[in-house]
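Asks: just the structure for this:
(2 chains)
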Amino acid sequence: MQATTLYNENHRWLMFGRDPDKPEQIVDTNQFMIISGDQSIILDPGGVELFAPMLAAALKYVSIDKITHLFASHQDPDIISSLGLWDQVLPDAKLHCPYLWEGFVRHFGMQNIEYAAIKDSGDTVRIGNIDLQFIPAHYLHSSGNFHVYDPVAKILFSGDVGAALEEPGAPFEVEDFNEQIDKMQFFHQRWMPSNRAKQDWIRRVRKLDIEIMAPQHGRVFRGDDVGKFLDWFEALEVGIAIQ
Amino acid sequence: MSDNHAHQTVAAARIASELHKAQQVARQLAISSKNARAIVLRAGSQAAGLAVIANFYDELANETIALAKSINTTALEISTHSVVEWRNNLVLNYLNKAYELARAAPYKEDIHIYTQKISSTEKVLDQHFNKLMCELRNKLDEIQQHMRAIDVIAVTSKLEAVQTGEFQGHLVEMADGIQIMANHIKEHVSHSISLLGSHK
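Replies: As a prediction, the model looks like this:
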């Protein structure tokens, strides 16, 4: 599992992914970890197959007792099917996840971790010395869906928004926005069901001060590319499976 | 044993299904034993010797139903328990893999704490599993003994039926039916025992 630091001042943002040992047939995912003081949170920790490399990678930066929180943007297996395994090694952790999915996500196995349900309107959580905001992103693509915004680091973890299905070993950051479009277009048009939900999300996200937008698949957008993405997404027709 | 979790889970579920079928046959057996009792009453003093036999049928059939129910519960408990062991083992495998991958990680020894903890949980689970398996074997043996007893009683009742005159035909037919049902139950139980066979 490869890792890169997105931000490192009073707290740290790490991005993990591009695992060379990942089974070929499973979709590549990015995992993120925010470390602040004695606490840390892993955002979308991934599927069962990624548990071992993800745990090994995290322990390069923090001891296991400092992994205190998990966040699952929604219920998909590539997001949180590793829950039953984390549950055995982080028995005192909290899982922040949409309230809508509690009864479903528990199917992945959860006997020890506490389910901290996020209400539809969103919430804030304190991790160490920082406050993270859970930004509603319902229907993008899941019916109960959140993104995570860090106003100090100016990073938005945007879940499946901004995602691209990449070749193995692709760089962590977008190098040329126009070239990235081809890798994102079908994903957004087919997976995102609602133009109304999309416009609502764009309206709210435009009010945030974002330096880095970090999706769960593909590459992160930095600086001007964030605005370019929002403009592109605003004009994109989604929900194309319904003719 | 850890490699056999999937097999054990499926075997226990199949035993539960076999015993469910055996339980249905045992219910028919209980009805037949009640019919036998009714015929014996109608035959009066001619069938006095059969009265005790009919009561035995009834008693054994009811005990078989209760045992089959209890085996069903134990088998399902084993199935559920196997899933827990299976998952525990899965965690252990992934932790070992993480430990290998974390070669250069400063906090890699943290994994060791959990592998030790999960390994000791595995031992406890294993002991409980063996206890449940032993319980299941004993109950299956008990049902087999009941069926052998019913078989012997059926032969005896056919001999006794000779003295009941006009009721002989009915009673012999009934005893044959009871033997067939007992054999069906024996088949289900034997199949269950063979499913347990590979477990050590």
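
Asks: how close does the nearest residue to residue B:170 once chain neighbours are set aside sit to chain A?
Replies: Leaving aside its sequence neighbours, residue B:170 sits nearest to residue B:39 (CB to CB, 6 or more residues apart in numbering or on different chains; 5.5 Å). Quick note: C-beta positions are derived from backbone N, CA and C, even for glycine. According to CB to the nearest CB, to the nearest Å, residue B:39 stands 55 Å off from chain A.

Asks: burial count for residue B:39?
Replies: Residue B:39: 17 surrounding residues under other CB atoms under 10 Å in any protein chain shown.

Asks: sec struct for it, please.
Replies: Secondary structure state of residue B:39, per DSSP: H, G, I helix; E, B strand; the rest coil, is helix.

Asks: ok, the residue nearest to residue B:64 when sequence neighbours are not counted - contacts?
Replies: In space, and not counting its chain neighbours, residue B:64 is closest to residue B:26: 4.2 Å by CB to CB, 6+ apart. For residue B:26, the contacting residues are B:61, B:64, B:65, B:68, B:181, B:185, by CB atoms under 8 Å, 6 or more residues apart in numbering or on different chains.

Asks: just these: which are in helices?
Replies: Using DSSP state H, B:61, B:64, B:65, B:68, B:181, B:185 are the members of the contacts of residue B:26 that sit in helices.

Asks: related to what we said a few turns ago, quick one: the residue nearest to residue B:64 from chain A, how far?
Replies: In terms of CB to the nearest CB, residue B:26 sits 36 Å off from chain A.

Asks: so what's the predicted local confidence for that residue?
Replies: In this model, residue B:26 is scored at 86, pLDDT.

Asks: so where do the helices sit in chain A?
Replies: Using DSSP H, helices in chain A cover A:51-58, A:77-80, A:83-89, A:102-105, A:177-191, A:195-205, A:224-235.

Asks: got the contact list for residue 19?
Replies: Since you didn't name a chain, this refers to chain A. A:1, A:2, A:28, A:50, A:53.

Asks: my bad, chain B
Replies: B:68, B:71, B:72, B:75, B:188, B:189, B:192 are the contacts of residue B:19 under CB under 8 Å, 6+ apart.

Asks: burial measure for residue A:127, as a count.
Replies: Using other CB under 10 Å: residue A:127 sits among 21 other residues.

Asks: contacts only, for it.
Replies: Contacts of residue A:127 (CB under 8 Å, 6+ apart): A:34, A:36, A:39, A:40, A:41, A:68, A:69.

Asks: tell me the bridge partners for the residue most central in space within chain A.
Replies: With distances taken as CA atoms, centre = their mean, the residue of chain A nearest its centroid is residue A:159 (4.0 Å). Under DSSP bridges, the beta-bridge partners of residue A:159 are residue A:215.

Asks: and it, how close does it get to residue B:150?
Replies: 65 Å (CB to CB, to the nearest Å).

Asks: cool, residue B:54 as well?
Replies: According to CB to CB, residue B:54 stands 12 Å off from residue B:150.

Asks: ok, residue B:191 next?
Replies: 18 Å.

Asks: who's more crowded, these two?
Replies: Counted by other CB under 10 Å, residue B:191 and residue B:150 do not tie: residue B:150 has more neighbours, with 24 against 15.

Asks: next, residue B:45: phi, psi?
Replies: phi -60, psi -30 (degrees, to the nearest 10).

Asks: dump the contacts of residue A:19 to a markdown table, plus neighbour count.
Replies: Shown next, in a markdown table, are the contacts of residue A:19 (neighbours: other CB atoms under 10 Å in any protein chain shown):
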| residue | neighbour count |
| --- | --- |
| A:1 | 21 |
| A:2 | 13 |
| A:28 | 20 |
| A:50 | 27 |
| A:53 | 24 |
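
Asks: now do the contacts for residue 190.
Replies: Going with chain A. A:240, A:241.

Asks: not quite, go with chain B.
Replies: residue B:144.

Asks: quick one, what contacts the residue nearest to the centre of chain A?
Replies: With CB under 8 Å, 6+ apart, residue A:159 has these contacts: A:44, A:73, A:74, A:137, A:140, A:145, A:146, A:147, A:215, A:216.

Asks: closest one to residue A:184 out of these, please.
Replies: residue A:215 (9.0 Å; CB to CB).
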